[in-house]
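Novice: Okay, here's the prediction I keep looking at, along with the sequence it came from:
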Amino acid sequence: MKKLFLTTLSIILIPFAVSAETRIGISGAFSSFDTSGTETTKSSSQKNSGSRTEDVVVPGIFIEKTNNSGVAFGFEFNPGEAELGSGTGADDDAETSGANKASAEVSSHMSLYGLFPLGPAYFRFGFVHASIDTTETLATGTKYGNEDVDGKIFGLGLQKDLTNAFFRIEATYTDYDDVKYLGSLDSDSVRNTVEADVDSTAIKLSLGKSF
């Protein structure tokens, strides 16, 4: 998927390569991740649901090309990790006894996007790709792997142009596709499953240079 993102980026930027303005910059998004999920236990098929909201600051770096009409296409990468939630609790289903610990975080987040002028503002639309990594210590002994997830990002923003530089503020909403985790197989070749949905809203500040 990462190779596909980079190949698509090259295809997008080729038509703009000669005459378009190049912009590079950094960003910081004050993000709220809303996560909900349902675990289906392997033997009893009991469903345990929960939800969590985590507020984090997500840094980013980006590069983009802008044509004479003000339309921009770019690529953004968010280094580091953002925690979606963690917790410890006593298991209350009939299959296990003891405390369960689990956490999840987003990593390797990247996006391909377009910025489209709307009067004094602009509209952002793009596609995102990330990994959702899990760690857990469960009384059942179940282990869940990591999964990649895709999604779409929408936003509205304002840009202030400076001398060979610019400043942006925008509000964004990211809708990630649902993701399904399969637990490790037990001795009876059955497993727990978890289905999760993640969305995020953010206020994003960006500072960049034009050349």
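Specialist: Okay, I see it.

Novice: Surely Ser107 touches Thr134?
Specialist: No. Ser107 lies out of contact with Thr134 (Cβ atoms under 8 Å); the separation is 11.2 Å. All C-beta atoms are positioned from the backbone trio N, CA, C, and that covers glycine.

Novice: I'd assumed Glu21 was in contact with Thr66.
Specialist: Yes. At 4.7 Å, Thr66 counts as touching Glu21 under the criterion of Cβ under 8 Å.

Novice: The two: who's more crowded?
Specialist: Set side by side, Thr66 and Glu21 show more neighbours around Thr66, with 18 against 14, by other Cβ atoms under 10 Å.

Novice: which ones are touching the more buried one?
Specialist: Residues near Thr66 by Cβ atoms under 8 Å, 6 or more residues apart in numbering: Phe16, Ala20, Glu21, Arg23, Ala72, Leu115, Ser210.

Novice: What residues are bridge-paired with the nearest residue to it once chain neighbours are set aside?
Specialist: Leaving aside its chain neighbours, Thr66 sits nearest to Ala72 (4.2 Å; criterion: Cβ to Cβ, 6 or more residues apart in numbering). Counting by DSSP bridges, Ala72 forms beta bridges with Thr66, Leu115.

Novice: coming back round to it: dump the contacts of Thr66 to a markdown table, plus distance to Glu81.
Specialist: Formatted as a markdown table, the contacts of Thr66 follow (distance: Cβ to Cβ, whole Å):
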| residue | distance to Glu81 |
| --- | --- |
| Phe16 | 32 |
| Ala20 | 33 |
| Glu21 | 33 |
| Arg23 | 26 |
| Ala72 | 27 |
| Leu115 | 26 |
| Ser210 | 30 |
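
Novice: Sort out for me which of those residues are in strands.
Specialist: Among the contacts of Thr66, the members falling in strands (DSSP state E) are Glu21, Arg23, Ala72, Leu115, Ser210.

Novice: which stretches of this structure form strands?
Specialist: Counting by DSSP E, the strands of the chain are 21-40, 47-66, 72-90, 99-118, 121-137, 147-162, 165-176, 179-182, 193-210.

Novice: which parts of the fifth one are buried?
Specialist: Residues of strand 121-137 classed as buried by neighbour count (16 or more other Cβ atoms under 10 Å): Tyr122, Arg124, Gly126, Val128, His129, Ala130, Ser131, Ile132, Asp133, Thr134, Glu136.
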